[in-house]
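[1] this is a predicted model, with the sequence first.
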Amino acid sequence: MMKAEVKEGRIELSDIESPEAVEAYLRAMGFEVSTFFSVRDVCQNIIIYPPKKVAAEWIAGDRIEKAIELGFKYGSTDGAHHKMWVIDQMIRILTDCPTVTRKATDVNQKEYEYQALAESDKYRELLAAFRAGEDGPETYSWDEGIAP
């Protein structure tokens with residue numbers, strides 16, 4: 001089954017079954033497949049660099065879908081601290097924060113690694129604007145919450 005993934009302004013298609021599958025996918029995503037774009041040579045992988053406006057809309061759409069998915073998955077967890085984590089994570093997703101690998105220690109003193117969202121420049125800018133107020137740059141606080 002063909003897979004499509006949006007990465008840094010490009011679309012990567014892999015496990016391509018046929019040229020028709022690529023054309024159908026591109027048409028479904030709103031591309032106009034014309035004579036200057038032909039996918040008649042079947043290959044396993046293809047990278048498409050759409051116009052910047054289209055790429056930005058796709059990437060934003062992908063982030064919106066991920067944020068909504070996270071909200072529905074964890075948003076009903078009891079506890080204000082867990083709900084604040086969900087809000088913080090949704091904002092991190094929407095501001096394109098990078099994923100990083102972190103280490104932690106469990107209750108049995110065993111180390112493990114997990115994936116977390118770091119901070120992007122846009123995230124830091126939004127938090128700075130949120131915190132600023134009549135009493136200076138730290139008028140309001142921001143709580144990152146606790147993961148459920």
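    Now that the structure is in, tell me what you want to look at.
[2] tell me the buried residues in whichever strand or helix holds Lys103?
    In this structure, Lys103 sits in strand 99-105 according to DSSP states H and E. Within strand 99-105, no residue is scored as buried using 16 or more other C-beta atoms under 10 Å. Quick note: C-beta positions are derived from backbone N, CA and C, even for glycine.
[3] quick one, domains of the chain?
    Using automatic domain parsing, the domain parsing of the chain gives 1-50, 61-148.
[4] if we can go back for a sec, which other residues reach the strand holding Lys103?
    Outside strand 99-105, the residues that touch it by C-beta atoms under 8 Å, 6 or more residues apart in numbering are 111-118.
[5] try 10 Å
    Strand 99-105 is contacted by residues 92-93, 110-119 when judged by C-beta atoms under 10 Å, 6 or more residues apart in numbering.
[6] can you list the strands that it pairs with?
    Partners of strand 99-105 in the sheet, by DSSP bridges, are strand 111-117 (antiparallel).
[7] pLDDT-wise, which helix or strand of this structure ranks last?
    In the chain, no helix or strand scores lower on mean pLDDT, DSSP states H and E than strand 45-48, which sits at a mean of 52.
[8] follow-up on the earlier one: send over the strand holding Lys103 as CSV, restricted to the C-alpha atoms.
    What follows is strand 99-105, C-alpha atoms only, in CSV (Å, rounded to 0.1, in the frame of the first residue of the first chain):
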residue,chain,number,x,y,z
THR,A,99,10.6,16.1,18.3
VAL,A,100,13.5,15.2,20.6
THR,A,101,14.6,12.1,22.4
ARG,A,102,14.8,12.5,26.2
LYS,A,103,16.0,10.2,28.9
ALA,A,104,14.2,9.5,32.2
THR,A,105,14.4,7.1,35.1
